[in-house]
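**Student:** only geometry, no sequence info:
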C-alpha cells in the first residue's frame, strides 16, 4: 500500500484535533472528534491492505490458498465504529443539554468552570 | 481449584455487564429498593470473586485464553485474560470501592432511576476488564467502556450547568486520548502482527527501538496518561469532578485515575521493557510525575469548591504515585501500590463527606458552608481521620506507601524526592484541613459577603437528592468502612511485604510472557525486608501531618501571613488562568503533552 493512505490517516487525526481547538460550536467540536477518529479507520485499513488480495471470506470462489487482506484490523475497525457511534451520540446529547442550560454552545462563552 | 480461578477471570467482567443489562431492561418496572439490592449484590459477588482470585494468584499468575485458543509452541492467536497479584489486587479494590459507593447511594439519589446503577455496573465491568485483560486492543476497548460510562455518570445531573459542561470536556478529551491509543496500537500491530501483551512482549524483546516502536509507545501511553490526569493532560479532571455526584467522584478519584498509571506501567513492563531503555522511560515518567504532583498541590490550595479542591488533590497524589512507580523497581512499584490502596480509602471518604454536606446544606463551597457543620461531630471526626491519612500520618496506608517510597527513591539515587513527597502531601492535606476547619469549626475570618469572582469556580451546585433533614445511617457507614480500609493497609502485618512481592511479579515482563505463552512456572520471589515501616519514613509522615496543620493555619488566617502568601498567590494567577474550561485549550495542551513525551522518550535514542 502506498504511503498516501498513511498520510491521509495522519492528516485526518490532526485536522480533526485542530477543528476541536478552533471550534466555536460544541456540535462542530463533536463532529471534529469524529473526523479525528476517521483517521484511525484509514490507518487500520491501510495496515491490513495487500495489493491484489481479496476479502477475507473463504468459500467456493476463494480457496484457502489465495491472498486475503487482514481480517483482524477489519474487526478492530468495526469495534471502533461501534464505540464511535456510542460516544458521538452521548456527546451530542450533552451538547444539546449544554445549550439548554447555558443558552449557548460556544466554548468561548461557557464559563461555569474556571480556575 | 485450578480451573475455578481461570473461570473467575472472564466472570468478573461478565457478571456486572449481565446485571447492568438486566437493570436497564427491567429497572423501570422494579421498586427502587430491588434495583439497589441487585446492584449491591452484584458488586459484593464481584468483590468476593476478586478476593478469591487474589488468593489464587499467590502461587503465580492465572491465565485464561478466551474460547480455549491456547498458544501452540509459544505462538498465540487467541485473546487472553491474565491475572497477576497486582491485577487481582486492583480488581478487588475496584469492586470493594464500588460496593461502598453503591451502599452510600442507597438513600442518596431520589429521582434518578435504575440507569444510575446500570451505569455504575458498566463502569465496574470496564475497570475490571482493563486490569485483567492481557490483550492490548481489549485494554483500549475497556478503556472506552470506562470512558463512556464515566461521561454519562458525570453528566447524570442533566439540569446542572457545570455538570453537562464538565461531562462534555471530559468526553472529548478522553475520547481523543483513546483514539490516539488506538492509532498507536495499530502502528505496533503493523510492526509485529500481534495484539496480545505476552506475544507483543516476546516479539519486541531485544529489538532495537526504532522510530515506529517509540511512536507507538508514545501514542498508546498518551491515552492512559489522559485517564491518569497527568500534567498537561489533566485539565478535564477538575471540570468533571466539580459536579459529578459524590459516589461517582469517589470511584473516579479512588481508583479510575490510578488505572491510567497502571496502564502505562503494564504497557512498559510487559511490552516495551526489553526494547526501550529503562533509564529514558524512568526519566520521562519522573518528569511528568513531578510536574503533576507540584501543579496539583499548588492548584489545590487555591480552590474554594470542595470537590474541585479534592480533584486537584487527586491530581497531586497521582503525581506522587507516578514518581514512586517511575523507579520501575519492585519497591518503587510496591510503594506506589501501597499508596494507591491507602489513598483510595482516604480520598473516597472525603468525597462522600462532601456529598453529605451538599445534600444537608445545599452547597459545596467552603466559604458558603462557613461554620454550618458545627453540629456534625461524627462527620468532623471522619473528616479529620481521612485528611490525616491524606497527609501520610502513620499508621495509615498512605504513610506506609510514603515510607517505602522514601527507601525506593533514595536507593535509586534521587535523595530529593522524599522532600517533594512530604511537601505535596502536606500542602494538599493542609488545604483540605483548612476547608474542614472552616466548615465544621467556623475557624478563621468569616467570609466577606458578596464577593462574586468570575475567574474561579464557586461551589454552586445542584443537589444530588432532595434536601436531607437527617443523615441516613448507610452513608456514614460507607465512610467509616473506607477510613478503616485506609488504616488497615498500614496496620495489617506483612502488608508491605505482600505488596512488594506483587510488584516484583508485576515488573517481571519476561516471566509474564513465559507463563502466559508456555505455562512456564513462575520465577521464585525474593524477600523484601525494606518494604515496611522505617523510622525515617514514619518520621517524615509525622512531619508531613505537622506541616499540613501549618498550611491549614496559613489558609485560615491569611492576613497575618500576608507577606508570605501574596507572592504565592500572584505567582499562581497565570497558572490558574490556564484552567479556562475551554475544551479547545485542553486539546491543544494534550498535543503539547504528546510532543513532550515523544521528546522525553525519543530524543535520548537519537
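**Tutor:** Nice, I can see it. In this text the structure is predicted, and so the values were computed from the model without any measurement. Numbering: from 1, shown residues only, chains lettered A, B, ... in the order given.
**Student:** Could you point out which residue ranges in the stretch 251-400 of chain B have low pLDDT?
**Tutor:** Scanning the stretch 251-400 of chain B for pLDDT under 70 picks out no residues.
**Student:** near chain A, which residues of it?
**Tutor:** Proximity of the stretch 251-400 of chain B to chain A, by Cβ under 8 Å from any Cβ of the partner chain, involves residues B:302, B:303. The way it works is simple: take the backbone N, C-alpha and C, and place the C-beta from them, glycine included.
**Student:** Would you map the strands across the stretch 251-400 of chain B?
**Tutor:** Under the criterion DSSP state E, counting those that start in this stretch, the stretch 251-400 of chain B contains no strands.
**Student:** cool, chain A as well?
**Tutor:** Counting by DSSP state E, chain A yields no residue ranges for strands.
**Student:** Check it and tell me which residue is nearest its centre.
**Tutor:** Among the residues of chain A, the one closest to the centroid is residue A:37, at 2.2 Å (Cα atoms, centre = their mean).
**Student:** contacting residues for it?
**Tutor:** Contacts for residue A:37 (Cβ atoms under 8 Å, 6 or more residues apart in numbering or on different chains) come out as A:16, A:80, A:84, B:175, B:179.
**Student:** what's the distance between the helix or strand where the last one lies and the middle of its chain?
**Tutor:** Looking back up the chat, that one is residue B:179. Under the criterion of DSSP states H and E, residue B:179 resides in helix B:161-192. The chain centroid and the centroid of helix B:161-192 are separated by 18 Å under Cα atoms, centre = their mean, to the nearest Å.
**Student:** From the contact counts, what lies against it?
**Tutor:** Packing contacts for helix B:161-192, counted by 3 or more Cβ pairs under 8 Å, 6 or more residues apart in numbering or on different chains; DSSP states H and E, involve helix A:3-21, helix A:26-48, helix A:71-102, helix B:136-154, helix B:197-204, helix B:211-227, helix B:236-243, helix B:583-602.
**Student:** buried sites along it?
**Tutor:** Of all the residues in helix B:161-192, those buried under the rule 16 or more other Cβ atoms under 10 Å in any protein chain shown are B:161-192.
**Student:** and the angle from that helix to helix B:211-227?
**Tutor:** Per axes from the mean of the first three to the mean of the last three Cα atoms, to 10 degrees, the angle that helix B:161-192 makes with helix B:211-227 is 160 degrees.
**Student:** Report the contact partners of the closest residue to residue B:168 other than its chain neighbours.
**Tutor:** With sequence-adjacent residues excluded and distances taken as Cβ to Cβ, 6 or more residues apart in numbering or on different chains, residue B:168 is closest to residue A:94, at 4.6 Å. By Cβ under 8 Å, 6+ apart, the residues touching residue A:94 are B:151, B:155, B:164, B:167, B:168, B:171.
**Student:** residue contacts, the third one?
**Tutor:** When the contact criterion is Cβ under 8 Å, 6+ apart, the partners of residue B:164 are A:94, A:97, A:98, A:101, B:155, B:158.
**Student:** 10 Å - rerun?
**Tutor:** Taking Cβ atoms under 10 Å, 6 or more residues apart in numbering or on different chains, we find residue B:164 in contact with A:93-102, A:110, A:112, B:154-158, B:243.
**Student:** Ok, the fifth one next?
**Tutor:** The neighbours of residue B:168, taking Cβ under 10 Å, 6+ apart as the test, are A:26, A:29-30, A:90-95, A:97-98, A:105, A:107, A:110, B:151, B:154-155, B:236, B:239-240, B:583.
**Student:** Among those, the buried ones, what's the PyMOL command?
**Tutor:** Of those, the buried ones can be selected in PyMOL as follows, counting by 16+ other Cβ under 10 Å:
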select buried, (chain A and resi 26+29+30+90+91+93+94+95+97+98+105+107+110) or (chain B and resi 151+154+155+236+239+240+583)
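**Student:** surely residue B:179 meets residue A:88?
**Tutor:** No: assessed by Cβ atoms under 10 Å, residue B:179 is found out of contact with residue A:88, at 11.9 Å.
**Student:** what residues are shared contacts of these two?
**Tutor:** Joint contacts of residue B:179 and residue A:88 (Cβ under 10 Å, 6+ apart) are A:33, A:34, A:37.
**Student:** my read: residue B:586 touches residue B:236, true?
**Tutor:** Yes: between residue B:586 and residue B:236 there is a contact at 6.1 Å, judged by Cβ under 10 Å.
**Student:** Overlap in contacts, those two.
**Tutor:** Both residue B:586 and residue B:236 are contacted by B:169, B:170, B:172, B:173, B:226, under the criterion Cβ under 10 Å, 6+ apart.
**Student:** need those residues in a markdown table with pLDDT and distance to residue B:446, can you?
**Tutor:** Listed next are the shared contacts of residue B:586 and residue B:236 as a markdown table, based on pLDDT from 0 to 100; distance: Cβ to Cβ, whole Å:
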| residue | pLDDT | distance to residue B:446 |
| --- | --- | --- |
| B:169 | 93 | 34 |
| B:170 | 94 | 35 |
| B:172 | 95 | 40 |
| B:173 | 96 | 38 |
| B:226 | 96 | 41 |
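**Student:** nearest to residue B:539, of the residues you listed?
**Tutor:** residue B:226 (36.6 Å; Cβ to Cβ).
**Student:** Based on its surroundings, how many neighbours for the closest one?
**Tutor:** 29 (other Cβ atoms under 10 Å in any protein chain shown).
**Student:** Now for the closest residue to residue B:219 other than its chain neighbours: which residues touch it?
**Tutor:** Nearest residue to residue B:219 in three dimensions, chain neighbours excluded: residue B:184, at 2.8 Å (Cβ to Cβ, 6+ apart). For residue B:184, the contact set (Cβ under 10 Å, 6+ apart) comprises A:40, B:136, B:140, B:215-223, B:267.
**Student:** ok, of the residues you listed, which one's closest to residue B:391?
**Tutor:** Nearest to residue B:391 among these: residue B:221, at 30.6 Å, using Cβ to Cβ.
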